[in-house]
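> pasting a predicted model and its sequence here:
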Amino acid sequence: MHSSTRVLASGVLLAFISLLAASTPANAAKPIRGKLAKPGYTVIALAANGKARSVRGRRRAFKLRSPARTVSLHLRTRNGKYAGPIVVRREERGRRVIVGVKAGARLGLVRLRKTHGRLARPLSKRSADTRRWARAKRGVPRGNGRNAGRVRTKGRGGRDLGQDRDRDSVPNALDIDDDGDLILDKFERPARAAHASEVTDAFLFQSNLTLDIHETVNANAQGLTQTDTDAALASRGVLMLNILPGDSAVLDCGAPQSRADSALGGLVYCSAGGTGRLLGESIVDPPGFPTPCCDPDGDGLGTMTRGSADRAPGAGNFVMFLAHGATTAQIGTGDLLIQRVTRGGVITDFPATVQFIFATVPALVSYSDGRGNADTVDYPVAPSNSPAPGPGTRENGFPVVAGPGGDVVVTLTFWRPQRRPMPPEQGAWIDMGGINYTAGIGDIGAGCPQSAFAESDPTLRPLTTADVFPNDYAGVKDLAPDRPADPANTFTYRLNLTQCLAAHGFSFKRGETRTFQFPALVTNGGDDAEQYLSFTRQ
C-alpha cells in the first residue's frame, strides 16, 4: 500500500472511530422519565465528565436522554436559580442520600422542596447508582439550592466537573465551594483550584465592574444608597463568558423557548427582551455600542458570538462580553446558566452557577502625599462634566507634590468592594476579603511594578507569583476574611506614582494630571472591580 493510501485509510478509520464515539451507548442511553410536582423547572442530567443534557418540565412530566450510563440530576427554578439535586434514596437514617441515577430510570413523582427535589417513592437500587452519595441531615443534602454548595463539609469525591469533591451533593461544575472550606472556589490559590480552570469543557464566567470616582458605589459610603448601587451595576456591570469549542454555542438562561413557555421566567440579563446587551471586542467599548442580547432566531436561546479579538488570555477559547444591565436583585450567587454546544451534530450541555457578582468597587476613603496635601472623600463625588468637578476626577485631580527624592508618593486608604451575603451570612452587604489589589496607569491598563508598593497594614502583604496569574503579580494581598460591611473595615498602603509612570516610559511633570486605575482582582477567577482616580502634580 502506498503511503498516501495508508494516510487516506488512516483518515477514514479515524473518521469512523469518531462516528462510533458519537453514537456510543452513553449518547444513545435510554431516557430518564419523571414527573415534577410543579411545571417550569429545568431538569439537568450531569455526567461525571461535566457533560449534561437538560429539559424543562413544561407540563410536569419530563423525558430526558441521559448523557452517560449514570448521572446525577439537578433542578433549576423558573427564574433561573439553582434549586438543588434530586435525591433518589435516603440511607443511614437520613445522614446520607443517594443522588446517582442510571439511564432508563423511571423516577415517578419528584417533590420540590426549598432546597432540593425528592422522589415520592425511593428509586430501586437497580436504577440508582449508590456510588454517588452525599452527606445529609435528616435527608436534606448538605449542599443544596439554598447555599449552592457553600457549606462546611469534607469528602473524598472525584475532582472532575460532574463529580462531587466534598460529598455535599452539589457537583463541582455547580458547586461554588467544591472543597467544603467555606471559601469560594475563585478565591482559592491557583495551585488548589487549577484543576477546574484547566478543563477544556469548564464553562466559566467573570464579573467585572469599572467605575470612575464620580460613579463609585460602595456600601460603606454613607452618602450612597441602594438605588445608586443598582444604577451603577446595571449601567456598567459586565459578565464575561467563555465560549466552549464547537461548531456553535447557545446560552440557556431559562428564558421562554415557545409560546407554551411564555409564562415562565428566566434570568433577565441573558434572555431575549431582557436587560442584557452584547459588547464588542472588549469591555471598554463605549456605552452606545452594545446591541440587544442575543437571540436573532427567536428560539429563546442566546447565540454566543465569537470575535477574533475576544480570545481568553491563556486559553484556547473565545469569550463573549455581556453588559448585563441587571440590578443586585436580578443577578447574583446561584444563577444557573447552561451553555449548549454543538459538535459534529451532537448537542451537549455544560451547566455552571454564578459564584458571586461584584456589586461595588474598592473606594478611596482618604489620601495623603506626605507633603501637606490630603483629603477624605465625600461620596457621591460631582462628575467631571459638572460646573464644579469633584476631587479626584479627571478634571480636578487630587493635588500632589514630589518628595525630597523627586517622586510623588501617596498613602491611600480604601474600603473593600462588596457582594450580597450568602446563607448563613448576616447583613445586607459583605466586605470581600482575600482579594489582590493592584494599581496601574488608567486608560492603557499598564500595571505598576512591585517596587512602587509599600505596606505596613497588618491585613496586607506583597503579592507573589503564587497569588495570581503569571505576569500580573504587582500589588498587595488582602489577608482579611469576608465579613459584614462596616466603614471601619479599611486597608492602607503607599504607592509611588512616579515609579508607576516611569516603568512604562511616562513622566509626571508639574501641572500634569494623571489617571490611575485601582483594580480588586480575584485569585483564580479573573473577576475584577476597579476604581479610577486622578492626581494633579503641583
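Structure received.

> quick one: low-confidence parts of the protein?
Applying pLDDT under 70 to the chain picks out residues 1-28, 189-200, 256-265, 280-294, 298, 306-317, 468-472, 525.

> domain ranges for it, per the record?
Structural domains assigned to the chain are 31-146, 215-353, 363-537, following automatic domain parsing.

> now the terminal residues of the last one, how far apart.
Terminal residues of domain 363-537 lie 22 Å apart, using CA to CA, to the nearest Å.

> and if you look at the second one?
For domain 215-353, the first-to-last residue distance is 29 Å (CA to CA).

> now stretch 135-150
Chord length of stretch 135-150, first to last residue, is 14 Å (CA to CA).

> what comes up buried for that stretch?
Within stretch 135-150, the residues that count as buried by 16 or more other CB atoms under 10 Å are 135-136, 139-150. The C-beta positions use only the backbone N, C-alpha and C, and glycine is treated the same way.

> now for those residues, which pair is the farthest apart?
Within the buried residues of stretch 135-150, two members stand farthest from each other by CB to CB: Gly139 and Arg150, at 20.3 Å.

> any idea how far Leu233 is from Gln426?
Gln426 sits 22 Å away from Leu233, going by CB to CB, to the nearest Å.

> and Gln226, by the same measure?
Going from Gln226 to Leu233 by CB to CB gives 11 Å.

> and those two? Which one has more around it.
Leu233 (24 against 15; other CB atoms under 10 Å).

> is it fair to say Arg131 lies in a strand?
Yes - counting by DSSP: H, G, I helix; E, B strand; the rest coil, Arg131 is part of a strand.

> report how many residues lie close to it.
By the measure other CB under 10 Å, the count of residues near Arg131 is 9.

> in a markdown table: the buried residues of stretch 135-150, plus secondary structure and distance to Leu64.
As requested, the buried residues of stretch 135-150 are exported to a markdown table (DSSP: H, G, I helix; E, B strand; the rest coil; distance: CB to CB, whole Å):
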| residue | secondary structure | distance to Leu64 |
| --- | --- | --- |
| Arg135 | strand | 26 |
| Ala136 | strand | 24 |
| Gly139 | coil | 24 |
| Val140 | strand | 24 |
| Pro141 | strand | 20 |
| Arg142 | coil | 25 |
| Gly143 | coil | 22 |
| Asn144 | coil | 21 |
| Gly145 | coil | 19 |
| Arg146 | coil | 24 |
| Asn147 | coil | 25 |
| Ala148 | coil | 22 |
| Gly149 | coil | 22 |
| Arg150 | coil | 27 |
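
> so which of these is the closest to Ala105?
Pro141 (18.6 Å).

> find the nearest non-adjacent residue to that closest one, please.
In this structure, Pro141 finds its nearest non-sequential neighbour in Ser169, 3.5 Å apart by CB to CB, 6 or more residues apart in numbering.

> how about Asp160?
Asp160 sits nearest to Ala48 (CB to CB, 6+ apart), 5.4 Å away.

> mind jotting down where the strands sit in the stretch 151-300 of the chain?
Ranges of strands in the stretch 151-300 of the chain, per DSSP state E, counting those that start in this stretch, are 205-212, 237-243, 248-252, 277-278, 291-292.

> using CSV, lay out the ones you listed together with mean neighbour count.
Formatted as CSV, the strands of the stretch 151-300 of the chain follow (neighbours: other CB atoms under 10 Å):
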stretch, mean neighbour count
strand 205-212, 22
strand 237-243, 23
strand 248-252, 22
strand 277-278, 20
strand 291-292, 12
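
> what bridges to the residue nearest to Asp369 when sequence neighbours are not counted?
Among residues not flanking Asp369 along the chain, Val400 sits closest, at 4.3 Å (CB to CB, 6+ apart). Listed by DSSP bridges, the beta-bridge partners for Val400 are Arg537.
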